[in-house]
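Engineer: sequence below, structure please.
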Amino acid sequence: MFADWYDTQCKTSVAWVQDLHRHPETGFHELRTAGFVARLLSEMGYDVATGIGGTGVVGSLRGTNTTDQGRCIAFRAELDALPMDEKSGLAYASPQIGAFHGCGHDGHTVTALTAAAYLAAHRDFGGTVRFIFQPAEELLTGARAMIADGLFDRFPCDEIYALHNLPGLPAGHVGVPATAALASADDIDVTIHGNGAHGSMPHTGEDTVGAAAHFISAVQQAASRVVDARAASVISFGHIAAGTARNILPETVRIEGTLRTNALNVRNRLVALLDNAARATELLFGVRIILDIAKVAPVTLNHPAAVAATIDAASRVVGGGHVIRNAESLMASEDFAELSALVPGAYFFVGQNGRALHHPEYVFDTDIIPIGAAIFADLAMTRTSAAPIAHAIAQDLTPLSKGETR
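Structural biologist: Residues are numbered from 1 along each chain as shown. Predicted coordinates for the structure are as follows:
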């Protein structure tokens, strides 16, 4: 039924993608994109709320077979683009410098809009569907902003689902992680202080650059020895700032990095390692180190019942042979984790060919729109009248304050 309907919808959905792709907007600036989404949802007959958590949009639709027992199933899509230049060569490429849908959020938004259009034309389901269009996913703060603005108080949901395109997963296949879908994210800020000195006389001061090199090397080497090799984790330092001249040892070095893992106990072990490495470096080099570790996003955990529902829906859409059960989790992070920690749900992947996510030549494959949209529609039809899921998987969502290393 969906495939026949999509034959009449395909050109429209592709045109939506191209329109959004030409007009990328970065986190919390998605004014045009949010307006585009709100207008289409309203035209479809949805009750629409805007401005949630900044530029977030929620569209709600009640099925014609709804009873008092009807449940609410939600679907999340992202509105924002990346702050990078596009080099895809597409005819509909972004003309803007420093803004590019290099992660496929334009395609995700249109996938959700396509599912919304189908359900508006086929309202014979027994509950309520909500489509949540979230700002600032790339900043990992949009979901929390919507929650703080009363998202689930104003728009309660029983289950929530989201997807992501995934180059590297075979095209047309659907991957459903059994537990952790994506990693947690922590920001690491390290400031090393010492007395400056001439490069020819390092003994007259403290070598903050040498201390920085030692700290980074110690962390990378020790991380492979204090964490079970079977656990997924990574610490990467992507920014170092120090010095003004080649022969002057600077008073201050600043290092920025990220910590990713798919298990809370591993995260806590690595946080302790970072602190130990800082203290050891202080003793060895005579410097003072300030270590700030700030929690950005928790692990994206899938609920077992929602995983089973997603596998069933995907099997009906693409066939069981094209569904990858217990798909590998990614070390990337997603603030969908904030939503699924409060409402039980699942996050899954739809495979496509082409460049990796965030590559300047990345292109979202519009041929996968009907796969994701059909899975969303199937979940809406089946889960609105299904048995309730008990609860979400509890996580500590409290942000860390600067200097805290819980």
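Engineer: any figure for the gap between residue 218 and residue 260?
Structural biologist: Here the criterion is C-beta to C-beta, to the nearest Å. By it, residue 218 lies 19 Å from residue 260. (Each C-beta comes from the backbone N, C-alpha and C, glycine too.)
Engineer: meant to ask about residue 248, not that
Structural biologist: 35 Å.
Engineer: compare these two (neighbour count), which wins?
Structural biologist: Legend: neighbour count by other C-beta atoms under 10 Å for residue 248 and residue 260, higher for residue 260 (24 against 13).
Engineer: that one sits in which helix or strand?
Structural biologist: strand 252-261 (DSSP states H and E).
Engineer: can you list the residues that contact that strand?
Structural biologist: Residues outside strand 252-261 that contact it (C-beta atoms under 8 Å, 6 or more residues apart in numbering) are 183-194, 208-209, 211-212, 215-216, 231-243, 267, 270-271, 274, 293, 299, 331-333.
Engineer: which parts of it are buried?
Structural biologist: Neighbour-count burial for strand 252-261, counted by 16 or more other C-beta atoms under 10 Å, picks out 253, 254, 255, 257, 258, 259, 260, 261.
Engineer: distance of the second one relative to residue 212?
Structural biologist: Using C-beta to C-beta, one obtains 9 Å as the distance from residue 254 to residue 212.
Engineer: where does the protein have low pLDDT?
Structural biologist: 68-69, 394-406 (pLDDT under 70).
Engineer: could you chop it up by domain?
Structural biologist: With domains defined by automatic domain parsing, the chain comprises 2-179+302-383, 183-297.
Engineer: end-to-end on the first one?
Structural biologist: Its start and end residues considered, domain 2-179+302-383 measures 17 Å (C-alpha to C-alpha, to the nearest Å).
Engineer: next: the shortest one.
Structural biologist: For domain 183-297, the separation between the terminal residues is 8 Å (C-alpha to C-alpha).
Engineer: got phi/psi on residue 243?
Structural biologist: phi 80, psi 160 (degrees, to the nearest 10).
Engineer: quick check: it touching residue 209?
Structural biologist: Yes - counting by C-beta atoms under 8 Å, residue 243 touches residue 209, with 7.0 Å between them.
Engineer: who has more neighbours out of these two?
Structural biologist: Higher neighbour count among residue 243 and residue 209: residue 209, with 19 against 16, using other C-beta under 10 Å.
Engineer: so the more buried one is in which element?
Structural biologist: Per DSSP H and E: helix 208-226 holds residue 209.
Engineer: quick one: residue 116 is in a strand?
Structural biologist: No - Residue 116 is assigned helix when assessed by DSSP: H, G, I helix; E, B strand; the rest coil, not a strand.
Engineer: thinking again about what came up before, the helix holding residue 209: which residues count as buried?
Structural biologist: 208, 209, 210, 211, 212, 214, 215, 216, 218, 219, 222, 223.
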